[in-house]
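# I'd like to go over a predicted model; first the sequence, then the structure.
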There are 2 protein chains.
Amino acid sequence: MGEQLSDIGEFGLIRRLLARVPVEGEGVVAGPGDDAAVVAVGDRALVATADLLVEGRHFDRRFSSAADIGFKALTVNVSDIAAMGGRPRWALLSIGAPADEPVGSLEELYDGIAEAARASGVVVIGGDTVAADSLIVSVAVLGEPGEGGVVMRSGAHEGDLLGVTGAIGGAAAGLTLLRAAERDSDARALLERFPNLARAHRRARARIWEGMAAAASGAHAMIDVSDGLAQDVGHIAEASGTGVVLEPADVPLEPGVAEASAWGAPSALTGGDDYELAIAVAPHDLDGLREALAPTPFTVIGRFGAEQRSEMPAGWDSFRGPA
Amino acid sequence: MGEQLSDIGEFGLIRRLLARVPVEGEGVVAGPGDDAAVVAVGDRALVATADLLVEGRHFDRRFSSAADIGFKALTVNVSDIAAMGGRPRWALLSIGAPADEPVGSLEELYDGIAEAARASGVVVIGGDTVAADSLIVSVAVLGEPGEGGVVMRSGAHEGDLLGVTGAIGGAAAGLTLLRAAERDSDARALLERFPNLARAHRRARARIWEGMAAAASGAHAMIDVSDGLAQDVGHIAEASGTGVVLEPADVPLEPGVAEASAWGAPSALTGGDDYELAIAVAPHDLDGLREALAPTPFTVIGRFGAEQRSEMPAGWDSFRGPA
């Protein structure tokens, strides 16, 4: 047997595959490796990203309605545009569905897409609809930079503060409890007490205006923490050539996350599927950034420095599963 | 049981789904319904398309190598840009693969993508790589108009001639023979006699420069005939509000297509998966168009008129299968 995908993991695989295709050329400002790509169209920049969601991997139809799935499929892309400081504009939707799928459930899927599109100012411009063995939702979103221009992962400086918008851990805690609630009334009770947890899993919002505001208020580097906070912060440090120290005790938790850990919910450092923004900012720009983001909370959780990055817990890997 | 996808077919479904999402907005020059969408980025037009290929529906790994699949996945998108008169520029690749997929076969897939990308001047700018139950290749391609600007499906006039580039029917005949050849030595012999047929199925080329040349030489309307010649010509007529008469006897056939009909290959009118361009052109522009396209053949196969479109054979429908 040759080497299999599960042997090398998602990020090793992506590096090896991208080495085989042309990734540099006219008009390419930023190719693969950030939340989204940037190309030059005339004298304007265009920000572009694509994400593929497949049944049984990215969503479980027992816990998410078709509308939830549609909402999420658009939102994860919109969040990638937001993490570049961009304004999402246009979407291409490619849907695969079984031939015996009820039309009504695909209509619900599109209603969820529509809800996310209206919430983010996105217009659907095309795509593809094909037969498949299970539900596949593949979305590409195009956007334009906001007033602050594009912010990459690679701009963090030694001495920058690391902060995060909103609160972390809700999506993973929500999914853990939804699974447990099938046979555990205490988990059901916790979901009722903290309805924000199931909502964080099913209906995460992308931080669109916050991303543009941060770009216009001195953000040096930015990423969405969808792969897990620790891993994504590590991506900023790696791309920026810095070290980073993250203070786990300072990470703002979604209410109920601590309680959900009794059911084996991953820690807020590794959970993933949160669409908050992690931002590197110079200390003297912190107050201005915080003011620009208000009323969305912005919490300092670490600092970039020269030191070697401490070993941090790994996050989500598509081929290996959670760490 | 409610209505299922197989009840309403691909085109009925797409209409119903798109009615539920925002499809009009700032910057949208042409939304869903053509080979590709057109949006305005500053004072420039951007052409965008996406296609989803799934194992068992769009390719069969017995008959296509991983490199063939990668080549095709990019080419079908590039062809959509070409059919608008556009120059393909940038691609987003979203790949789903089983965790036990050999790394080597994904590397081959990317080698096929790279070959098609280099042949069409496309640079890969991003995408997604995820675990899935079977192989999924979802591609979006962005391009810019060539010198002749954008050509839609909707511009055919009464009195225009209908012509087609190259030769038709090779891809469907090739696939039919590849299937038959598993247990039939005569089919194997025919494949050896006409290697162009398997190649048409595995390695179709998109008509990139021809699309731009046609746009600059008076083409009124254009489409690629990937869904089957008759159906795609019908799409031009419907979008243009004209009738059309197609002369089946005038359709240029790929060598070997006639012979393959003995194995049940669909007719060149319905086969699909050919990436030739069907073009509407005024009679007085025919010579100029032909000259611009040379040495690629351009054959007149019909005429647009006021008369109601004659009932034509249907082509490929993703949820119902071939007609």
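Here it is on my side, so go on. Numbering: from 1, shown residues only, chains lettered A, B, ... in the order given.
# C-terminal to the host helix or strand of A:D80, which secondary structure element comes first?
Using DSSP states H and E, A:D80 sits within helix A:66-82. Toward the C-terminus, helix A:66-82 is succeeded by strand A:86-97 as the next helix or strand (DSSP H and E).
# What is the helix or strand where A:A239 lies packed up against?
Secondary structure assigned from DSSP H and E places A:A239 in helix A:229-240. Here helix A:229-240 touches strand A:161-165, strand A:221-224, strand A:243-246, strand A:277-281, strand A:298-305, going by 3 or more CB pairs under 8 Å, 6 or more residues apart in numbering or on different chains; DSSP states H and E. All C-beta atoms are positioned from the backbone trio N, CA, C, and that covers glycine.
# Mean neighbour count, those: which tops it?
strand A:277-281 (a mean of 29; mean count of other CB atoms under 10 Å in any protein chain shown).
# List the buried residues in the next helix or strand after that strand.
The helix or strand immediately downstream of strand A:277-281 is helix A:286-293, counting by DSSP H and E. Residues A:L286, A:L289, A:R290, A:A292, A:L293 are the ones in helix A:286-293 that count as buried (16 or more other CB atoms under 10 Å in any protein chain shown).
# Of the helices and strands packed on helix A:229-240, give the one that comes closest to chain B.
Smallest distance to chain B across the helices and strands packed on helix A:229-240 (CB to the nearest CB): 13.6 Å, for strand A:221-224.
# That closest one pairs with which strands?
strand A:277-281 (antiparallel) (DSSP bridges).
# Take the strand it pairs with, keep the C-alpha atoms, and write them as PDB.
Provided in PDB are the C-alpha atoms of strand A:277-281 (Å, rounded to 0.1, in the frame of the first residue of the first chain):
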ATOM      1  CA  LEU A 277     -11.500  36.700  14.200                       C
ATOM      2  CA  ALA A 278      -8.100  36.500  15.800                       C
ATOM      3  CA  ILE A 279      -6.200  39.700  15.200                       C
ATOM      4  CA  ALA A 280      -2.600  40.900  15.700                       C
ATOM      5  CA  VAL A 281      -2.400  44.600  16.700                       C
END
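# related to what we said a few turns ago, output the helices and strands packed on helix A:229-240 in JSON lines; the columns should cover distance to A:E10 and mean pLDDT.
Output for the helices and strands packed on helix A:229-240, formatted as JSON lines (distance: least, CB to CB, whole Å; pLDDT from 0 to 100):
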{"stretch": "strand A:161-165", "distance to A:E10": "23", "mean pLDDT": "98"}
{"stretch": "strand A:221-224", "distance to A:E10": "16", "mean pLDDT": "98"}
{"stretch": "strand A:243-246", "distance to A:E10": "21", "mean pLDDT": "94"}
{"stretch": "strand A:277-281", "distance to A:E10": "19", "mean pLDDT": "98"}
{"stretch": "strand A:298-305", "distance to A:E10": "24", "mean pLDDT": "97"}
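# So which bits of stretch A:199-213 are buried?
A:199-208, A:210-213.
# and that stretch with chain B, contact?
No - judged by CB under 8 Å from any CB of the partner chain, stretch A:199-213 stays clear of chain B, getting no closer than 15.4 Å.
# Show me the strands in the stretch 51-200 of chain A, by range?
A:86-97, A:123-131, A:136-145, A:161-165 (DSSP state E, counting those that start in this stretch).
# For B:D51, which of the helices and strands packed on helix A:229-240 is the nearest?
strand A:221-224 (26.6 Å; CB to CB).
# residues contacting A:R290?
By CB atoms under 8 Å, 6 or more residues apart in numbering or on different chains, A:R290 lies in contact with A:F298.
# pLDDT on the helix holding A:D80, on average?
The average pLDDT within helix A:66-82 is 97.
# any bit of that helix sitting next to chain B?
No - on the criterion CB under 8 Å from any CB, helix A:66-82 is out of touch with chain B, staying 9.0 Å away.
# Taking their axis directions, that helix and strand A:123-131 sit at what angle?
Counting by axes from the mean of the first three to the mean of the last three CA atoms, to 10 degrees, helix A:66-82 lies at 130 degrees to strand A:123-131.
# ok and the residue in the stretch 151-300 of chain A nearest chain B?
A:S226 (11.2 Å).
# and that residue, which of the three is it?
coil (DSSP: H, G, I helix; E, B strand; the rest coil).
# On the strand side of things, show who the residue nearest to A:A237 when sequence neighbours are not counted bridges to.
Spatially, and ignoring its direct neighbours in sequence, A:A237 is nearest to A:V244 (4.1 Å; CB to CB, 6 or more residues apart in numbering or on different chains). For A:V244, the beta-bridge partners under DSSP bridges are A:F304.
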